[in-house]
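In: below are the sequence and a predicted model; questions follow.
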Amino acid sequence: MNGFGYLVDTSAVVRLSRDPRLHATWRTQVDAGALAVCPLTELEFLFGARSKAQRAELKLALSHAYRVSSCDGLPIAALSTSSHRGTPAT
C-alpha cells in the first residue's frame, strides 16, 4: 500500500487544518504518518499562498502532517517551484 493508509485531497487537507474536532478524530493517523498527499494536491494547496514566505510556511506544515506520494511521470516539477499567488513566475 505504498507505506501510507490514506491519500487525502486538498479539501481534506483544508478541513483537517481548520476543524479541531475533525483533526482530533484523525490525530492517531496523522501522528502515525498514515496520511499522504500526492504532488498535485500539494501544488493545489500551496497555490493558495499569498507570498513566498507563506508558501514556505504552508509547505513545512504540510510536510509535518502528510507524506508525499509519488505521481511518477507527471510533468509537475516546473510548476511546483512557483506555486503561489503572490507574484507571477518569471
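Out: Looks like it came in fine.

In: now Arg50: which helix or strand?
Out: Taking DSSP states H and E as the criterion, no element holds Arg50; it sits outside all helices and strands.

In: shift numbering so it begins at 37
Out: From this message on, residue numbering opens at 37, which makes the last subject Arg86.

In: show the pLDDT at Gly117.
Out: Rather than Gly, residue 117 is Thr. pLDDT for Thr117: 50.

In: quick check: phi and psi at Tyr42.
Out: Backbone torsions of Tyr42, given as degrees, to the nearest 10, read phi -140, psi 130.

In: list the residues that contact it.
Out: Tyr42 makes contact with 65, 70-72, according to CB atoms under 8 Å, 6 or more residues apart in numbering. C-beta here means a position set from N, CA and C on the backbone, and glycine is covered the same way.

In: swap in 10 Å and give it another go.
Out: If you count contacts by CB atoms under 10 Å, 6 or more residues apart in numbering, Tyr42 has them with 48, 62, 65, 70-73, 102.

In: look up which residues are beta-bridged to it.
Out: Note on Tyr42: beta-bridge partners by DSSP bridges are Leu71.

In: how close does it get to Gln90?
Out: Relative to Gln90, Tyr42 is positioned 26 Å away (CB to CB, to the nearest Å).

In: and what of Ala101?
Out: With distances taken as CB to CB, Ala101 is found 17 Å from Gln90.
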